[in-house]
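Peer 1: turn this into a structure:
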Amino acid sequence: MMSLCKNLVMGLLFLSTLSLLHSHLFTHAASTAPPVTRPRIIFMTGLGLDHDYDDDDYQDNPNTPPEVPSSIKTPHLHREPCQYNPCLENQEPCAHLSAQTGCLCPGLSGADAPPHAPRIQALLPVMEGDDRGKVEVQWCAPSSVVSRYRVVVEGSHGEVQEFGDTLRRGLVGSLEVGTKVCVEALNNAGQSDPSEFSCKRYDRPESSDRKVFVWVIGGGVALFLIVIIIVGVILWKHKMCQKGKRDSADGLGNPSYSTEGTL
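Peer 2: Next up is the predicted model:
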């Protein structure tokens, strides 16, 4: 009995000693362990720049997103189309205008692709000067890279005329009414295909002398009709007045006489 009690006391002492030793070791390990660090949050801005924010700042106000510094905010650009007219010749290239003012140029097909077809504006005969009798061809540039233009006249047996890329007009010989004229755009990749707006048939406009003659004839005819109408109205009124006078004369007889004799 005494031996059993002695063994029980020794076991309790051993367990107490082991518990104290384990507690001491855990406290020492906790005091020597490195501090726990939170992961860093990295936000990507619209310009591709990184900016670091501490997790503590974000946890202080989780409902408000971190503020992006004003130095890296994307500016709002309001860009206007360039003042470039494809129908005017010898203009400064639109790319130069865009580089100078920041304006927007229309989209262009590259130099590695055949250009689009230009658009013919007019076929006008030259009425005076050394080039009198010739026809001036006017066109507008396409939305493509162009190195030169070519004017093809129907029935010219393969003879064509070429003009520089900055020009928008050119002279051809005299044309008969109905002759088809086409303008082609060319670059190193090829040439444009003919289209309904890059070709036009020549229709000689009326001269100013002929227009004046037509106006004179029309005015004379109109004046003649007006004179006839006025004369007709005058004659009709005169006839009505004569008729009224005769009717009044027939109605006023002598009251002293009658068809049955004297009074």
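Peer 1: regarding I120, what is its secondary structure?
Peer 2: Of the three states, I120 takes strand under DSSP: H, G, I helix; E, B strand; the rest coil.
Peer 1: ok, for it, nearest residue in space, not its chain neighbours?
Peer 2: Nearest residue to I120, sequence neighbours excluded (CB to CB, 6 or more residues apart in numbering): K200, at 4.5 Å. For glycine as for every other residue, the C-beta is placed from the backbone atoms N, C-alpha and C.
Peer 1: helix or strand right after the helix or strand hosting the one you found?
Peer 2: Take DSSP states H and E as the rule and K200 turns out to sit in strand 199-201. Remark: after strand 199-201, the chain's next helix or strand is helix 208-251, criterion DSSP H and E.
Peer 1: re the thing from before, now do the buried residues in the strand holding K200.
Peer 2: 199-200 (16 or more other CB atoms under 10 Å).
Peer 1: cool, stretch 179-190 as well?
Peer 2: 179, 181-187.
Peer 1: separation between G219 and V231?
Peer 2: Going from G219 to V231 by CB to CB, to the nearest Å gives 19 Å.
Peer 1: any chance of the buried residues of stretch 179-190 in a markdown table, with secondary structure and distance to V227 too?
Peer 2: Output for the buried residues of stretch 179-190, formatted as a markdown table (DSSP: H, G, I helix; E, B strand; the rest coil; distance: CB to CB, whole Å):
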| residue | secondary structure | distance to V227 |
| --- | --- | --- |
| T179 | coil | 46 |
| V181 | strand | 48 |
| C182 | strand | 53 |
| V183 | strand | 53 |
| E184 | strand | 58 |
| A185 | strand | 59 |
| L186 | strand | 63 |
| N187 | strand | 67 |
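Peer 1: among the residues you listed, which one lies nearest to Q121?
Peer 2: V183 (9.7 Å; CB to CB).
Peer 1: how about the contacts made by the closest one?
Peer 2: Going by CB atoms under 8 Å, 6 or more residues apart in numbering, V183 touches 117-118, 120, 137, 139, 149-152, 198-199.
Peer 1: so where's the stretch 151-263 of the chain shaky on pLDDT?
Peer 2: 158, 206-211, 249-263 (pLDDT under 70).
Peer 1: who does V153 bridge with?
Peer 2: Counting by DSSP bridges, V153 forms beta bridges with V181.
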